[in-house]
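Asks: Sequence first, predicted model second:
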Amino acid sequence: MTFIPHVIDGEEVESLDGARFESVDPWTRAPWAEVALGDARDAERAVTAARRAFDTGPWPRMGYAERGKILHRLADLIEARGGELALADTTDMGKPISDATAMDVPRSAHNLRFFADHARMSVGDLLPMDTGHHAYTRFEPAGVVVAIAPWNFPLMLETWKVAPALAWGNCVVLKPAEDTPASAHILGRLANEAGLPPGVLNVVQGYGPESAGQALTEDARVDRITFTGESGTGRAVSRAAAANLTPVSLELGGKGANLVFDDADLERAVRWSIQAVFSNAGQVCLAGSRLFVQRGIFHAFLDAFTAAADAMVAGDPKDPSTKLGPLSSEAHFNKVREYVEGAVGEGATIVTGGVGDGWVIRPTILTGASATARVRCEEIFGPVVVVDAFDSEDEAVAAANNTPYGLNAMLFTENLSRAHRVAAALRAGTVWTNCFFIRDLRAPFGGVGDSGVGREGGNFSREFFTEPKAVVMEITPAPRA
Ligand code: NDP
């Protein structure tokens, strides 16, 4: 069976106590790899390596251009090994190979290229002062960054964190989710091959709670923690970080609203709404899992939406024609199945969907769920959507904002004023109008309320991964002639 070690200080290593755990392929439902099971001592070893690399190594002292060259080389290697990386994520968590190949891998390479160039071309403030001084800003690397990632877009979200941290000169310890160790390990290996000095990017495998992940968040030698995962885990990470006053960036869960107005382009609204809630089997923080459709087109929309959902090819994620794979693990499958099976008792009608082969849940559309139904209020993280009709714009906005989450929202309308009005009124970190998931990496990304703290992307990542320093200088007046 394949063995997946840690990557610490430039070496591929076992855990100090030799412990291992198994990674299960959710389609075959059989173990496919053994993984080094890190604990607090392995986390400590990785932080020590990153600390030494930062305090005495070349990485933070290199120019942006030289660091950028190495990061571009890493992006080249990601592209060259794209097949291996895509297969790693597909085997670990059941993502369709077509998505992993067409989206996750290219976006991961792009993350590295974008942040390498962004750091190199970044400009700071230069402030001529009335007092005969001038002030300017230096963006200095923060130090050791701990990056803790979820399993739904493994490589893509890991590089989203690692790339800006490295580009700004930090040294990193990455902890992938226990369900998705493989692509992070390949990333660590490729980093060595690309020429990152030892200790600059370390990958520690293992569990989060009461294990390697938690130990990383409690280590006082860490300067930044960037975390993506559930809101409950985010609270635990935040509490641990508070003890050392370590700044944290939290990208957490969501319960995205999707508003489709009477005047929407129906074909476009259906296409994006399908994508918004059923891609990656709904295991997307940004999922448009609460769909509100204006009454005038409710039935026409629902018919077309249901037909498109039923047409999605579900099954073996390694088959290039598959659009919907199994859920990532047995525990997660059982959780989503309970939501679907409990929905009828909460007043809902199942328009289509339900349990498929193995750990597959077919695209599931619910109507009539009660106001307090769990399927309406809680993040399901599966291919399940609750659909409601609305009459007025105000009613739709109030319904959309009726959630403790605030990661993102979508709206579909051909009315320009309405588009801007509603985008402004929605309580969310990102609003997509007539589209979904389109990203400019310069834009802020993050959520309000239970969806997170802080923003990453472009200058927002710069602010988080650096210590901006103000330098003030007096300009001595010229001596009088
Ligand atoms: P979890 O919160 O369960 O886990 C995320 C990571 O944190 C994993 O690596 C996990 O390790 C680790 N972890 C768990 N407990 C601790 C702890 N006490 N201290 C430190 N680390 C810990 O999330 P999932 O992996 O289940 O991912 C799904 C969630 O992520 C959803 O809520 C989703 O909405 C959210 N998400 C948010 C995004 C955003 O950008 N806002 C994007 C993608 C997902 P282990 O695997 O061992 O549990």
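Replies: Sure, I can see it. Computed from a predicted model, the values in this text were never measured in an experiment.

Asks: contacts and neighbour counts: CA atoms only from here.
Replies: Will do.

Asks: Which parts of the lowest-mean-pLDDT helix or strand in the chain count as buried, going by neighbours?
Replies: Within the chain, no helix or strand scores below strand 126-128, which has a mean of 94 by mean pLDDT, DSSP states H and E. By 16 or more other Cα atoms under 10 Å, strand 126-128 has no buried positions at all.

Asks: And for stretch 19-32?
Replies: Those would be Arg20, Phe21, Glu22, Ser23, Val24, Asp25, Pro26, Trp27, Trp32, for stretch 19-32 by 16+ other Cα under 10 Å.

Asks: Remind me which helix or strand the residue most central in space within the chain belongs to.
Replies: Centroid check for the chain by Cα atoms, centre = their mean gives Leu157 as the closest residue, at 4.4 Å. Assigned by DSSP states H and E, Leu157 belongs to helix 154-167.

Asks: Packing partners of the following helix or strand past that helix?
Replies: As assigned by DSSP H and E, the chain's next helix or strand after helix 154-167 is strand 171-175. Packing partners of strand 171-175 (3 or more Cα pairs under 8 Å, 6 or more residues apart in numbering; DSSP states H and E): helix 40-56, strand 144-148, helix 154-167, strand 201-203.

Asks: what about the shortest one and the ligand, any contact?
Replies: Okay, so that is strand 201-203. No. In terms of Cα under 6 Å from any ligand atom, no part of strand 201-203 sits within range of the ligand; the closest distance is 11.5 Å.

Asks: picking up where we left off before, and the angle from the helix holding Leu157 to strand 171-175?
Replies: 160 degrees (axes from the mean of the first three to the mean of the last three Cα atoms, to 10 degrees).

Asks: other SSEs contacting helix 154-167?
Replies: Using 3+ Cα pairs under 8 Å, 6+ apart, helix 154-167 sits against helix 64-80, helix 82-93, helix 105-121, strand 144-148, strand 171-175, helix 182-194, helix 458-465.

Asks: Could you list every helix and strand in contact with the second one?
Replies: Helix 82-93 makes packing contacts with strand 20-25, helix 97-99, helix 105-121, helix 154-167, helix 182-194 when contacts are defined by 3+ Cα pairs under 8 Å, 6+ apart.

Asks: quick one, which of those is packed in tightest?
Replies: Scoring those by mean neighbour count under mean count of other Cα atoms under 10 Å gives helix 154-167 as the most buried, with a mean of 26.

Asks: And it, how far out from the chain middle?
Replies: Offset of helix 154-167 from its chain centre (Cα atoms, centre = their mean, to the nearest Å): 10 Å.

Asks: So which residues make contact with it?
Replies: 64, 67-68, 71, 85, 89, 104-105, 107-109, 111-112, 115-116, 119, 145, 147-150, 171-172, 174, 176-177, 180, 183-184, 200, 226, 461-462, 465 (Cα atoms under 8 Å, 6 or more residues apart in numbering).

Asks: quick revisit: the buried residues of stretch 19-32: which two are farthest apart?
Replies: Arg20 and Trp27 (21.8 Å; Cα to Cα).

Asks: ok so, going back, in a markdown table, list the helices and strands packed on strand 171-175 along with mean pLDDT.
Replies: Below are the helices and strands packed on strand 171-175 laid out as a markdown table (pLDDT from 0 to 100):
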| stretch | mean pLDDT |
| --- | --- |
| helix 40-56 | 98 |
| strand 144-148 | 98 |
| helix 154-167 | 98 |
| strand 201-203 | 98 |
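
Asks: With respect to Asp76, which of these lies nearest?
Replies: helix 154-167 (13.6 Å).

Asks: Check whether that closest one comes near the ligand.
Replies: No. Counting by Cα under 6 Å from any ligand atom, the ligand has no neighbours in helix 154-167; the shortest distance is 7.2 Å.

Asks: And the helix or strand harbouring Glu467, what's buried?
Replies: In the assignment (DSSP H and E), Glu467 maps to strand 466-474. Buried positions in strand 466-474, judged by neighbour count with 16+ other Cα under 10 Å: Thr466, Pro468.

Asks: Can you list the strands that that strand pairs with?
Replies: strand 133-141 (antiparallel) (DSSP bridges).
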